[in-house]
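[1] only geometry, no sequence info:
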């Protein structure tokens, strides 16, 4: 099915360290990318987004980097905390106008070591 | 609370049966999307509606159908259920049918026995 690819299925990080989650996408025409966090039994929660005319965007403790040349997206989480444990999905907007849809990658599970 | 309401939260049914999942979008949103998430998998896009009309379709089985009503709520109908249909089904809504402002509900967990 349609999907955005991910480099690693799991990531274990020491509490307080920075986390970097990577993602590759295939559709060079995509103009909008989003990172979602999903905790067990809950719906995906928006973290941060970036449009294709940008290469970096920062939020609170999170940064998204976009490299259109190699079609690569990354999510950086600063000072990782236990509450950051979740599955992280990169997603890509495909379509146009009112017929757009968000296509998700397979996810990276982030676990935090105390 | 995201503002997107899905009912029921849990559903257990037998193979061969038919179920209906319901989604009420966030107030003011015109578009509704349905996704399926099997155990430890990503979210697979099923179908999108915008202001009552189907606008985009993913890998939705012929046994599945959906509609969006004049009050903008949507229903996903799953028929002739199989064990493999057991999954979390999420609904999302957005204001104008673009990818911006997407908000997800908390999902319906369907178990087929």
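    Sure thing, it's come through. In this text, all values refer to a predicted model and were calculated from it rather than measured experimentally.

[2] For the rest of this, base every contact and every neighbour count on C-alpha atoms.
    Fine.

[3] quick one: least confident helix or strand in chain A?
    In chain A, no helix or strand scores lower on mean pLDDT, DSSP states H and E than strand A:5-6, which sits at a mean of 46.

[4] Show me what counts as buried in the top strand by length along chain A.
    In chain A, taking DSSP state E as the definition, the longest strand is strand A:86-94. Across strand A:86-94, burial judged by 16 or more other C-alpha atoms under 10 Å in any protein chain shown covers A:86-94.

[5] Please enumerate the strands of chain B.
    Using DSSP E, strands in chain B cover B:5-7, B:10-13, B:19-24, B:31-37, B:44-50, B:53-57, B:64-68, B:74-78, B:87-94, B:103-104, B:108-112.

[6] Columns mean neighbour count on top of the ones you listed, output as CSV?
    Shown next, in CSV, are the strands of chain B (neighbours: other C-alpha atoms under 10 Å in any protein chain shown):
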stretch, mean neighbour count
strand B:5-7, 20
strand B:10-13, 14
strand B:19-24, 21
strand B:31-37, 26
strand B:44-50, 25
strand B:53-57, 16
strand B:64-68, 19
strand B:74-78, 20
strand B:87-94, 26
strand B:103-104, 26
strand B:108-112, 21
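
[7] export the ones you listed to TSV and tack on distance to residue A:58 and mean pLDDT?
    Below are the strands of chain B laid out as TSV (distance: least, C-alpha to C-alpha, whole Å; pLDDT from 0 to 100):
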stretch	distance to residue A:58	mean pLDDT
strand B:5-7	30	98
strand B:10-13	37	98
strand B:19-24	32	98
strand B:31-37	28	95
strand B:44-50	28	94
strand B:53-57	31	93
strand B:64-68	36	97
strand B:74-78	35	98
strand B:87-94	23	96
strand B:103-104	20	94
strand B:108-112	33	97
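
[8] Spit out the contact partners of residue B:34.
    Going by C-alpha atoms under 8 Å, 6 or more residues apart in numbering or on different chains, residue B:34 touches B:45-48, B:76, B:89-92.
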